[in-house]
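[1] Take this sequence and fold it.
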Amino acid sequence: MALLLLGVSILTFALMTASPLDPLQTNVGQVALGSMSQEQVAKLEAYWGVGTPPVERYLGWLGDVLHGDFGTSLLYRQPVLEVVGQRLAGSLWLLLFAWIISGILGLVLGVTAGATRGRLPDRLIRGYCLLISSTPTFWLALLLLLIFSVWLGVLPIGLSVPIGADAASITLADRLQHAILPALTLSITGVANIALHTREKMVDVLNSDYALFARARGESELRIVLRHGLRNVALPAITLQFASISEIIGGSVVVEQVFTYPGLGQAAVTAGLGSDMPLLLGITVITAAIVFGGNLVADLLYGVVDPKIRRGAARE
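    Numbers count the residues shown, from 1 in each chain. Sure, this is the predicted structure:
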């Protein structure tokens, strides 16, 4: 995990360094720069690190991170960890809700499709998954926004809280209402991969010798699915569920832009377009650590779900 995080930080820094965006023109403006003195421009260049060699900048950032300091955001003028903490708090419920709903729906649809392979439910579920997997996330977000906010007017058109509302008057219901459409978009797009993989595993289980033996004993198809199928699809389902954390976080970048939702994804876009190197590096490394941590949890849960893996590890 440490080596992967190091590689992610190096790649992010290299991409930001190769960006054609000029941080001074992007954040100050060409007209304002033309009216400044050379001393003022030199101070701005020092602030944005324009004249500092890239290797020196990266090693300086890495040394600070190893001491627990992710630096200060150049745009927000606050410590990076504070900005990430504030934005992650806004995105956490959104990401968690989408992650849980997509996992449950994906498992249910995958098991249903596998149990009814070749029949109408299976064809409908596969068609739905293929359609969703080929649909751009931003287009789906715009479609839901058009239907539920513009045409029907039942859900807010954007933001995370009502416009102009006092902070003390904002309730949990207001926050949940504003999070419905972004979470729904992420949930819908996250279902396809889990459902299709679960279906394939369920088909393999139902075609196995022990499923054939269970039918010969007179067990019903429903009992075979519940008793034998779910046990065998649980392990790959856990893997897919925790692996989907990266898809949920990646999708949130686009979704939060469409719904103007002030979360971690929107902060990442702002940092990238504004050449805020410390903030973008902090967001990238922290979200990568969350993804790697999810994969680690999946590995640890293997032994809980499958006793054979636990006993094999004990023998080794």
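
[2] could you measure the residue nearest to Ser102 when sequence neighbours are not counted against Gln266, distance?
    Distances taken as Cβ to Cβ, 6 or more residues apart in numbering place Gly190 nearest to Ser102, at 3.3 Å, with adjacent residues excluded. (Glycine included, C-beta is placed from N, CA and C.) Distance from Gly190 to Gln266, counting by Cβ to Cβ, to the nearest Å: 19 Å.

[3] so where's the stretch 201-316 of the chain uncertain?
    Filtered on pLDDT under 70, the stretch 201-316 of the chain yields the residue ranges 303, 305-316.

[4] residue boundaries of the strands in this structure?
    Applying DSSP state E to the chain gives no strands.

[5] Let's check: the centremost residue of it is which one?
    Ile249 (1.2 Å; Cα atoms, centre = their mean).

[6] List the contacts of it.
    By Cβ atoms under 8 Å, 6 or more residues apart in numbering, the residues touching Ile249 are 95, 264-265, 287, 290-291.

[7] re earlier: which one of Gly190 and Gln266 has more residues nearby?
    Comparing Gly190 with Gln266 by other Cβ atoms under 10 Å, the one with more neighbours is Gly190, at 26 against 20.

[8] Please tell me I have it right and that one contacts Ile248.
    Yes. The criterion here is Cβ atoms under 8 Å, and Gly190 meets it with Ile248 at 5.9 Å.

[9] hey, where'd the helices end up in the stretch 1-150 of the chain?
    2-17, 23-27, 30-34, 38-48, 54-66, 80-115, 120-133, 137-144 (DSSP state H, counting those that start in this stretch).

[10] So for Val233, which of these sits nearest?
    Among these, helix 80-115 comes nearest to Val233, with 6.6 Å by Cβ to Cβ.

[11] Okay, angle between the closest one and helix 54-66 too, please.
    Counting by axes from the mean of the first three to the mean of the last three Cα atoms, to 10 degrees, helix 80-115 lies at 80 degrees to helix 54-66.

[12] Return the set of buried residues in helix 80-115.
    80-81, 83-84, 87-88, 90-91, 93-95, 97-99, 101-103, 105-107, 109-115 (16 or more other Cβ atoms under 10 Å).

[13] next one: stretch 133-151
    For stretch 133-151, using 16+ other Cβ under 10 Å, the buried residues are 137, 140-141, 144-145, 148-149.

[14] Centre of the chain to that stretch, how far?
    Centre-to-centre, stretch 133-151 and its host chain are 18 Å apart (Cα atoms, centre = their mean, to the nearest Å).

[15] okay, that stretch in CSV with CA atoms only?
    Output of stretch 133-151 as CSV, limited to C-alpha atoms (Å, rounded to 0.1, in the frame of the first residue of the first chain):
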residue,chain,number,x,y,z
SER,A,133,-22.5,0.4,-18.2
SER,A,134,-22.4,2.1,-21.6
THR,A,135,-24.2,5.3,-20.4
PRO,A,136,-22.0,8.3,-19.5
THR,A,137,-22.4,9.2,-15.8
PHE,A,138,-22.8,12.9,-16.6
TRP,A,139,-25.6,12.2,-19.1
LEU,A,140,-27.5,10.0,-16.6
ALA,A,141,-27.1,12.8,-14.0
LEU,A,142,-28.4,15.4,-16.4
LEU,A,143,-31.4,13.1,-17.3
LEU,A,144,-32.4,12.6,-13.6
LEU,A,145,-31.9,16.3,-13.0
LEU,A,146,-34.2,17.1,-15.9
ILE,A,147,-36.9,14.6,-14.9
PHE,A,148,-37.1,15.0,-11.1
SER,A,149,-36.0,18.7,-10.7
VAL,A,150,-37.1,20.5,-13.8
TRP,A,151,-40.2,18.6,-15.1
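
[16] would you turn the contacts of Ile249 into a markdown table with distance to Leu226?
    Output for those, formatted as a markdown table (distance: Cβ to Cβ, whole Å):
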| residue | distance to Leu226 |
| --- | --- |
| Leu95 | 31 |
| Leu264 | 39 |
| Gly265 | 38 |
| Thr287 | 37 |
| Ile290 | 33 |
| Val291 | 32 |
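
[17] Fine by me, thanks again.
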